[in-house]
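Participant: sharing a model that was predicted from the sequence below.
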Amino acid sequence: MDLDPDGIFRDDSGSEDDLLREKESTKDFSVYLVDASPKMFGTVATNEVDEMGETFFHAAVKCISESLKAQIIGRSSDEIAICFFNTREKKNTQDLHGVYVFNVAERELLDRPTARLIKEFSGIENSFIHHIGSRYWIEPASRENSLYNALWVAQALLRKGSVKNVSKRILIFTNEDNPFRSISGAAKADMIRTSLQRAKDAQELGISIELLPLSSKEFDVSIFYADLLGLEGGEMPLFLTSADEKLEDMANQLQKRIFSKRKVKTIMFVIASGVSIEVNAYALIRPSVPGAIMWLDSVTNLPLKMERTFVCADTGALVEQPRMHFQEFNGEMVKFTVEELAEIKKVSDGHLHLLGFKPLDCLKDYHNLRPSTFIYPTDEEIIGSTCAFVALHRSMVRLQRFAVAFYGSSTHPQLVALVAQDEIISSSGQLEPPGMHMIYLPYSDDIRYPEELQIYAGTPRATDDQIKKASALLRRIDLKDFSVCQFSNPALQRHYGILQALALGEDEMPNVKDETLPDEEGMAKPGVVRAIEEFKFAVYGENHDQEEAAKKGSTTEASKKRKAIYEVALKESASYDWADIAEHGKLKDLTVIELKNYLTVHGLPVTGKKEVLISRILTHLGK
């Protein structure tokens, strides 16, 4: 049996960055609970959203549809279910009133989003009233609690999967902050109690409940939903925001909640001898690339599964994967077990070892080789990790220091810098979380020192006026609050837009806006135009436009002259049989002008003596 000795010590990790390999599955199961009461079909004020006449229900459906489109690209393994509550019709496995589980054929109630689901759900508003219907929250004479029923149905849908490797959540969309306002007395107290108990039971099972409020006025979460969500006093103001902020930013808020807290690895952080804490690593920003190519069977159109088998070269029989590997050394075959090879390739234990601290000004921008990793403490395995991490974090922020540590992976061990970051909160929620950024430091030979340019006395230098005009221009066109997250990759947007159009059966290709193109409207503002003209006059002079026009005109005259020379050469050269002349050696009898006519017609150089011209023609004719 032939083995591959050159591949014995090949790294079998299959990844360039060990940190991007997930330690455990982090699938997400989500249930969207959409309020379908008549109040949700009210029109939103025109100053809150761009579309006139848009309803709250339409805003929720559009937000969920956009989230599903992003989810089917970024996290296709996640599973979702869509439920409407406060409906006239009922459709759920528990046969509870007021709850309608929306689904399409060939799909389970909680399953991966499909193109058909997105297409039918996006247009559900047109037929919702006729086929499903809407009703108010609680009718005074009824004991049916639709919110309680909706939470029960959602909890039943999230029964599959273990909370150890699956994140489960319920997201509620509503514009009613007091769902039990129509009833009073003991009936109201009983319904509130049972609803809160149902939510508490779901949370004890590892299911998180989140709220995305929609309202034409301030949504007062303290009336009921603060108790349902388990909000503390300090967390409540985050939800007391006006509806215009929530509606305009609802798609972004939903995307943040759906894609939040996706840890990629758990690392042991060794602070000192005998003192270790546990931290989770998160990949905040990574380059966006098109999805991997999936090979399909030409007949069934099903994905192909790749398998590796070992074949004996002598008999052709299938054999099991050998437990021993062989490597030739000094004329002998050395045996290695799989465990021995794994131990040889093991550079470090994979832990993060703290080495010391340095001032923040010692860390330069060019030390950041690639996107950093964000680390945050966890008490899952080591109790007290959060307390120790917070103490270290506060000291680093107060003393303006960053930590130098060694992170040893099996593929690329290196030094890293741990930079502490404070929490930043705005009215719409948390903007930046507290924690540490792990920046991968370069080796000494990773830093290149460019050659220095020697500036002599005769080298042109900008005048004070030119520098002043350039500074004024930069101030005019400076982008305020710039962030790379503001711009999308137009190639990727078009790629996924075409895939979306094909999957949803849309007739027209999406119009992708290239946000990397210059802002023509902004550049046309009088202040910007004036700054550009002043800079141009200071550097190039006032007659620069006329000089450029004259140069362009002279270029046009030169092209006309070259065209005339080519036409004359083509006419003169056409009267000769150049192949016959070259065959009989009569090129030397022609004049230099006649030889240059041939070279001009065929785009060959016309410089040199007569012998050079003849040799060039013979080479072109293949003689």
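Facilitator: Noted; the coordinates are in hand. Numbering: from 1, shown residues only.
Participant: which ones are touching residue 395?
Facilitator: Residues near residue 395 by Cβ atoms under 8 Å, 6 or more residues apart in numbering: residue 401. All C-beta spots, glycine's among them, are computed from the backbone N, C-alpha and C.
Participant: just list what the host helix or strand of residue 70 packs against, helices and strands only.
Facilitator: Taking DSSP states H and E as the definition, residue 70 sits inside helix 56-74. Using 3 or more Cβ pairs under 8 Å, 6 or more residues apart in numbering; DSSP states H and E, the elements in contact with helix 56-74 are strand 27-35, strand 79-85, helix 115-122, strand 166-174, helix 250-258.
Participant: what helix or strand is residue 270 located in?
Facilitator: With DSSP H and E as criterion, residue 270 is part of strand 263-272.
Participant: for that strand, which strands pair with it and how are they oriented?
Facilitator: strand 275-282 (antiparallel), strand 352-359 (parallel) (DSSP bridges).
Participant: now render the ones you listed as CSV, adding mean neighbour count and distance to residue 369.
Facilitator: Output for those, formatted as CSV (neighbours: other Cβ atoms under 10 Å; distance: least, Cβ to Cβ, whole Å):
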stretch, mean neighbour count, distance to residue 369
strand 275-282, 19, 17
strand 352-359, 14, 17
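Participant: now for those, which one comes closest to residue 318?
Facilitator: Between residue 318 and the strands paired with strand 263-272, the tightest spacing by Cβ to Cβ is seen for strand 275-282, at 40.3 Å.
Participant: list of residues touching the closest one?
Facilitator: With Cβ under 8 Å, 6+ apart as the test, strand 275-282 has contacts from 19, 261-271, 351-352, 373-382, 384-385, 388-389, 438.
Participant: pull it out as PDB, backbone CA atoms only.
Facilitator: Provided in PDB are the C-alpha atoms of strand 275-282 (Å, rounded to 0.1, in the frame of the first residue of the first chain):
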ATOM      1  CA  VAL A 275      -4.600  31.800  38.000                       C
ATOM      2  CA  SER A 276      -6.700  31.200  34.800                       C
ATOM      3  CA  ILE A 277     -10.100  32.600  33.600                       C
ATOM      4  CA  GLU A 278     -12.300  31.600  30.700                       C
ATOM      5  CA  VAL A 279     -13.200  34.000  27.900                       C
ATOM      6  CA  ASN A 280     -15.300  33.800  24.800                       C
ATOM      7  CA  ALA A 281     -13.900  35.000  21.400                       C
ATOM      8  CA  TYR A 282     -16.100  36.800  18.900                       C
END
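Participant: now the residue nearest to the spatial centre of the chain. Nearest residue, chain neighbours left out?
Facilitator: Centroid-nearest residue in the chain: residue 288, 4.8 Å away (criterion: Cα atoms, centre = their mean). Nearest residue to residue 288, sequence neighbours excluded (Cβ to Cβ, 6 or more residues apart in numbering): residue 492, at 5.6 Å.
Participant: same check on residue 33?
Facilitator: Among residues not flanking residue 33 along the chain, residue 172 sits closest, at 4.7 Å (Cβ to Cβ, 6+ apart).
Participant: and the one you found, how far is that from residue 210?
Facilitator: According to Cβ to Cβ, to the nearest Å, residue 172 stands 7 Å off from residue 210.
Participant: neighbour-wise, which of those two wins?
Facilitator: Between residue 172 and residue 210, counted using other Cβ atoms under 10 Å, the more crowded position is residue 172 (24 against 14).
Participant: dump the residue contacts of the more buried one.
Facilitator: Going by Cβ under 8 Å, 6+ apart, residue 172 touches 33, 35, 209-212.
Participant: that older thread, quick check, the residue nearest to residue 288 in a strand?
Facilitator: No - counting by DSSP: H, G, I helix; E, B strand; the rest coil, residue 492 is not found in a strand; it is helix.
Participant: that one contacts residue 287, doesn't it?
Facilitator: No - using Cβ atoms under 8 Å as the test, residue 492 is too far from residue 287 to be in contact (10.0 Å).
Participant: the two: which is more packed in?
Facilitator: residue 492 (15 against 8).
Participant: gap between that one and residue 75?
Facilitator: In this structure, residue 492 and residue 75 are 16 Å apart, going by Cβ to Cβ.
Participant: please pick the buried ones from the contacts of strand 275-282.
Facilitator: 19, 263-265, 267-271, 352, 373-378, 382, 385, 388-389, 438 (16 or more other Cβ atoms under 10 Å).
Participant: ok so, going back, quick one: the helix holding residue 70 to helix 115-122, angle?
Facilitator: Orientation check (axes from the mean of the first three to the mean of the last three Cα atoms, to 10 degrees): helix 56-74 against helix 115-122 gives 160 degrees.
Participant: avg pLDDT for helix 56-74?
Facilitator: Helix 56-74 shows a mean pLDDT of 84.
Participant: cool, stretch 415-432 as well?
Facilitator: Here stretch 415-432 scores 82 as its mean pLDDT.
Participant: now that stretch, how far from the centre of its chain.
Facilitator: Centre-to-centre, stretch 415-432 and its host chain are 19 Å apart (Cα atoms, centre = their mean, to the nearest Å).
Participant: domains for the chain, by residue range?
Facilitator: 23-260, 264-287+348-446, 464-550, 557-621 (automatic domain parsing).
Participant: now the end-to-end length of the second one.
Facilitator: The one in question is domain 264-287+348-446. Using Cα to Cα, to the nearest Å, the end-to-end distance of domain 264-287+348-446 comes out at 27 Å.
Participant: roughly how far is it from the heart of the chain?
Facilitator: Worked out by Cα atoms, centre = their mean, domain 264-287+348-446 lies 22 Å from the chain centre.
Participant: same question for stretch 100-107.
Facilitator: The answer for stretch 100-107 is 29 Å, by Cα atoms, centre = their mean.
Participant: show me where the stretch 201-350 of the chain has its helices.
Facilitator: 225-229, 243-248, 250-258, 338-345 (DSSP state H, counting those that start in this stretch).
Participant: which stretch in the ones you listed is the model least sure about?
Facilitator: Between the helices of the stretch 201-350 of the chain, the one with the least mean pLDDT is helix 243-248; it has a mean of 46.
Participant: looking at the strands paired with strand 263-272, spot the one closest to residue 571.
Facilitator: strand 275-282 (74.1 Å).
Participant: looking at the closest one now, give me its mean pLDDT.
Facilitator: 89.
Participant: show the contacting residues for the closest residue to residue 501 other than its chain neighbours.
Facilitator: Excluding the flanking residues, the one nearest residue 501 by Cβ to Cβ, 6+ apart is residue 509, at 5.5 Å. The neighbourhood of residue 509, defined by Cβ under 8 Å, 6+ apart, consists of 497-498, 501.
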